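Colleague: one predicted model, sequence on top.
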Amino acid sequence: MSGAIVDRVWKAASIRMVGDGISAGDLFAAQREVTRWEQWYPFWAKRGDEYEALAREAVARGRRLSAGELFWQACMAYHYAQFVWFHDPPTRDAGQRRKVELYREAAPFFDPPAERFDLPFDGFTIPGYLRVPRGGAGRAPVVVLLGGLESTKEESYLFENLCLRRGMATCAFDGPGQGEMYFQVKLRGDFNRFTSAVVDWLATRPEVDTGRLGVLGRSLGGFYAVQSAAHDPRFKACVAWGVLYDLSYYDDMHEPTKSGFAFVAGYDDARKAAPYLKQTVNLSGQAEQVRGAVYALHGGQDDLIPPAQVDQLRKDLRQNPHATFDIPKDGDHCCHNLYHVVRP
């Protein structure tokens with residue numbers, strides 16, 4: 001069973017890992033050395049510690065850009081160490097905290113740097129990062145980036161760079177059930193309120209133009225993006241990078257994804273989590289409220305989210321003249337196997 005889990009994770013995540021920044025060399029080494037599931041976390045944690053040591057050496061030598069890249073590589077190693085480690089919460093939590101610490105070290109060395117914010121909201125603190133392109137004329141348009149089930153703000157660095165090179169500022173944050181916020185509040189049905197609170201804060205920043213505002217979310221983040229755009233008309237554009245409409249198919253979901261949804265919702269039993277998740281993750285009555293432009297990207301070979309989910313969103317957006325559905329026939333989940341084409 002341990003080996004079967006490893007095989008399933010490699011099949012589902014290996015191309016995504018390279019697309020998100022894991023080096024091909026590290027991936028090949030892991031595929032050689034990690035043959036049992038219990039080896040997964042230790043392998044990637046060790047890689048993270050090695051990158052951290054290199055980063056600190058670069059800092060000592062005054063090599064700031066290299067230090068930022070190496071701290072981020074360390075962060076990503078810990079991210080992928082814990083990203084589906086739902087069966088061992090203490091170890092997963094430790095990996096999350098290490099990831100956060102390493103990204104904090106990297107952030108000021110990025111070009112442009114990532115500015116940390118901690119926004120009080122409803123008795124919680126929303127953590128995030130703002131990056132603004134250098135040398136632009138006037139205030140920059142801004143895109144809010146939302147993670148998915150096991151994605152967090154730290155994972156979006158390379159995608160941020162794509163946006164920044166195109167003149168867009170980026171704002172990535174953790175919402176309920178994600179990253180740092182998981183320790184404060186679990187998955188809940190009003191993620192959009194947290195997104196709007198971040199937009200309220202962005203509206204106070206002179207560097208960005210919230211009159212030119214977009215939101216992008218991947219996988220479960222695609223659900224959050226559509227929900228956020230439905231409830232906040234300030235979003236002029238919305239990207240669902242992987243279309244998740246609801247969790248009506250939760251009972252038939254593969255492991256470890258099913259356990260992951262239960263985990264971020266605060267349940268230790270996937271079956272007990274089912275009623276809450278089916279009720280909470282549902283765009284019915286919300287998606288049709290989106291008035292801005294929508295771009296929905298979904299892989300034709302996605303084996304994590306069934307095609308009926310795309311059909312339902314398409315139905316709800318049939319009155320929106322600015323809704324575009326892009327379904328590459330050979331794309332896997334979120335078209336990660338086509339990342340070099342679809343992400344730009």
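Modeller: Structure's in. What do you need? Numbering: from 1, shown residues only.
Colleague: pull out the buried positions in the strand ranked longest in the chain.
Modeller: Ranked by residue count, the top strand of the chain under DSSP state E comes out as strand 208-218. Within strand 208-218, the residues scored as buried using 16 or more other C-beta atoms under 10 Å are 208-210, 213-218. (Each C-beta comes from the backbone N, C-alpha and C, glycine too.)
Colleague: how near is residue 168 to residue 131?
Modeller: 10 Å (C-beta to C-beta, to the nearest Å).
Colleague: between those two, which is the more surrounded one?
Modeller: residue 131 (25 against 20; other C-beta atoms under 10 Å).
Colleague: is it true that that one touches residue 110?
Modeller: Yes: between residue 131 and residue 110 there is a contact under C-beta atoms under 8 Å: 7.1 Å.
Colleague: can you pull out the strands in the stretch 1-150 of the chain?
Modeller: With strands called from DSSP state E, counting those that start in this stretch, the stretch 1-150 of the chain shows them at 115-121, 124-131, 140-146.
Colleague: so which of those is nearest residue 106?
Modeller: strand 124-131 (10.3 Å; C-beta to C-beta).
Colleague: got the angle between that closest one and strand 115-121?
Modeller: Put simply, strand 124-131 runs at 150 degrees to strand 115-121, going by axes from the mean of the first three to the mean of the last three C-alpha atoms, to 10 degrees.
Colleague: so for stretch 161-173, what gets flagged as buried?
Modeller: Buried positions in stretch 161-173, judged by neighbour count with 16+ other C-beta under 10 Å: 163-164, 168-173.
Colleague: all helices of the stretch 51-200 of the chain, in order?
Modeller: Secondary structure of the stretch 51-200 of the chain (DSSP state H, counting those that start in this stretch): helices at 64-82, 89-106, 157-165, 191-202.
Colleague: out of those, flag the one nearest residue 267.
Modeller: Nearest to residue 267, of all those, is helix 89-106, at 11.8 Å by C-beta to C-beta.
Colleague: residues in contact with that closest one: which ones?
Modeller: 41, 45, 48, 52, 55, 67-69, 71-72, 74-75, 78-79, 81-82, 85-86, 114, 116, 127, 152-154, 179-180, 182-183, 263 (C-beta atoms under 8 Å, 6 or more residues apart in numbering).
Colleague: of those residues, buried ones?
Modeller: Buried, going by 16+ other C-beta under 10 Å: 41, 45, 48, 52, 55, 67-69, 71-72, 74-75, 78-79, 81-82, 85-86, 114, 127, 152-154, 179-180, 182, 263, out of the contacts of helix 89-106.
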